[in-house]
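> sequence plus predicted model, see below.
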Amino acid sequence: MAGKFEIYKDNAGEFRFRLKAGNGETILTGEGYKARDGVLNGIESVKKNAGDPARYEVKEAKNGSPYFVLKAANHQVIGQSGMYSSKDACENGMKSVAENAADAATDDQT
């Protein structure tokens, strides 16, 4: 099963996306956008940048858990992962985004 982007509205009424792997696990979440066009542009930016390893940055949460962000060419964060149990698991998450994003369908749930 291929990955997919889901568009949804958060509690504040903003449009957001999440990229899900073929197994249904969320592997990347985008920021909130006031308009649907903004979230669609965010998804296109993920598709464009996900295949470039230089666009990923591994970070560490306050509790020590690794996670990553995906950045556009202008260095703006366009998506963030969840927390991982190890750096290896985090690296596998980045690979999953790279493998799933480019051909992922979009499921608008708004």
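Sure, I can see it.

> for residue 99, give its distance to residue 19.
11 Å (CB to CB, to the nearest Å). Yep, even glycine has a C-beta here, placed from its N, CA and C like the rest.

> report pLDDT for residue 1.
The pLDDT attached to residue 1 in the predicted structure is 57.

> ok so, going back, which neighbours do residue 99 and residue 19 have in common?
By the contact definition CB atoms under 8 Å, 6 or more residues apart in numbering, residue 99 and residue 19 are jointly contacted by residue 3.

> looking at those two, which is more packed in?
residue 19 (26 against 17; other CB atoms under 10 Å).

> residue contacts, that one?
3-5, 26-29, 46, 79, 97, 100-101, 104.

> the same query, at a cut-off of 6 Å, please.
Residue 19 makes contact with 5, 27, 28 under the criterion CB atoms under 6 Å, 6 or more residues apart in numbering.

> show the contacting residues for the spatially closest residue to it that is not a sequence neighbour.
In space, and not counting its chain neighbours, residue 19 is closest to residue 28: 4.1 Å by CB to CB, 6 or more residues apart in numbering. Neighbour list for residue 28: 19, 79, 81, 97 [criterion: CB under 6 Å, 6+ apart].

> over to residue 45?
The contact partners of residue 45, by CB under 6 Å, 6+ apart, come to 72, 78.

> after whichever strand or helix holds it, which helix or strand is next?
Using DSSP states H and E, residue 45 sits within helix 36-49. As assigned by DSSP H and E, the chain's next helix or strand after helix 36-49 is strand 56-60.

> hmm, who's touching that next one?
Contacts for strand 56-60 (CB under 6 Å, 6+ apart): 66, 67, 68, 69, 70, 90, 94.

> show me these that map onto strands.
Using DSSP state E, the members of the contacts of strand 56-60 that fall within strands are 66, 67, 68, 69, 70.

> what number of residues lie near the fourth one?
It refers to residue 69. 16.

> can you verify my assumption that it contacts residue 81?
No: with contact defined as CB atoms under 6 Å, residue 69 does not count as touching residue 81 (7.5 Å).
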